[in-house]
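**Student:** Coordinates only, no sequence provided:
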C-alpha cells in the first residue's frame, strides 16, 4: 500500500457511515484527526483489524508547527556543536563565559552552551531561540553601517515582508498608541537609545536585539486627524549577520514580550 499523506486518501478506505462512534461527527473529520496524530485508525469499529493495520503502517502523519520548530532547533544545535566558541565570540560581539557564549539581547545576556542549549537569568522567550542559533552560525561579524532601510528591501525578505509589516510594525504601533508612556519606559529599560534623525518622527530610538543587528524604531503620534505611524528599519548590513526570517522572529518576539509586560504592569491589566 502506498503512503497516505492527506485525509482524502485515507477517507477512500473508511466506511463513510458518519456514525460518530469514533468520537468525531464524520468519516472525513476522523481521517483528518488521524493525519494530525490525534486519533488512531483502530478507533473506527467498522474496519477489519488486518485493514486497520495496513492503513496504520501507510499513514504519514503531518508535522505540527511545534514539531517543525523543534527539528529546526535540533539541526541548528548540531551546527553550533561544530563551532569553536573562542573564535565565534569576537566575530558576533559576544563574550565567552564558562565555555558558554554570552550574547546580549536588549540589554540582557542569553547563554548558549557548546551543545546549543539556551539559558538566561530572565524569562526565556521562545521567539528568540532560533534567531540566536542562526546568528551564531551565520553572522559574518559585519559592523553596522548606520545606513537604514525598510525590512522589505533586505535580500530574501520578500516572503516575510507582509508578515513583518502586519504582525510586527502594525502590532507595535497599536500597543504604542494604547500604552505610549509604558512602551517607551519598557524600551528604555531594554537599552533603547534615542537618536536625532533627518525625519520628522516624534520618537526615534535604536534598540539592539542582537549585538550586530540594531533596529531603528520611528513613531509618529496621531495629529490633526492623521493616524499614528510606526516603522522598524534595519541596518543595510543586517543580511550579512542574520537571515530575514530570523529578523522577523526577533521583531515578533519583541512585540510578544511587550504584550506580556503590559498585561503585567498596566493599571487595568489589559492590552486595549
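**Tutor:** Yep, it's here. It should be emphasised that the depicted structure is a prediction, and the values quoted were computed from it without experimental measurement. Numbers count the residues shown, from 1 in each chain.
**Student:** contacts for stretch 247-267?
**Tutor:** The contact list for stretch 247-267, computed with CB atoms under 8 Å, 6 or more residues apart in numbering, reads 106, 123, 125-128, 130-131, 151, 154, 157, 160, 163-164, 167-169, 171-172, 175, 179, 182-183, 186, 207, 209-210, 213, 215, 232, 234, 238, 269-271. C-beta coordinates here come from the backbone N, C-alpha and C atoms, glycine included.
**Student:** Among those, name the buried ones.
**Tutor:** 106, 125, 127-128, 130-131, 151, 154, 157, 160, 164, 167-169, 171-172, 175, 179, 182-183, 186, 207, 209-210, 213, 215, 232, 234, 238 (16 or more other CB atoms under 10 Å).
**Student:** helix/strand/coil for residue 233?
**Tutor:** Applying DSSP: H, G, I helix; E, B strand; the rest coil to residue 233 yields a three-state assignment of strand.
**Student:** give the contact list for it.
**Tutor:** With CB under 8 Å, 6+ apart, residue 233 has these contacts: 148-151, 215-218.
**Student:** And it, how close does it get to residue 53?
**Tutor:** Residue 233 sits 58 Å away from residue 53, going by CB to CB, to the nearest Å.
**Student:** just residue 32 next, same as before
**Tutor:** Remark: distance between residue 32 and residue 53 (CB to CB) = 21 Å.
**Student:** For the two, work out which one has more neighbours and name it.
**Tutor:** Taking other CB atoms under 10 Å, residue 32 and residue 53 do not tie; residue 32 has more neighbours (19 against 13).
**Student:** Look up phi and psi at the more buried one.
**Tutor:** Torsion angles at residue 32 (phi, psi; degrees, to the nearest 10) stand at phi -60, psi -40.
**Student:** measure it to residue 165 for me?
**Tutor:** According to CB to CB, residue 32 and residue 165 sit 32 Å apart.
**Student:** again with residue 211
**Tutor:** 26 Å.
**Student:** Name the nearest of the contacts of residue 233 relative to residue 61.
**Tutor:** Distance to residue 61 across those (CB to CB) is lowest for residue 151, with 34.8 Å.
**Student:** Give me the three-state assignment for the nearest residue to that closest one once chain neighbours are set aside.
**Tutor:** Among residues not flanking residue 151 along the chain, residue 164 sits closest, at 4.7 Å (CB to CB, 6 or more residues apart in numbering). The three-state label given to residue 164 by three-state DSSP is helix.
**Student:** do you know how far residue 164 is from residue 153?
**Tutor:** According to CB to CB, residue 164 and residue 153 sit 11 Å apart.
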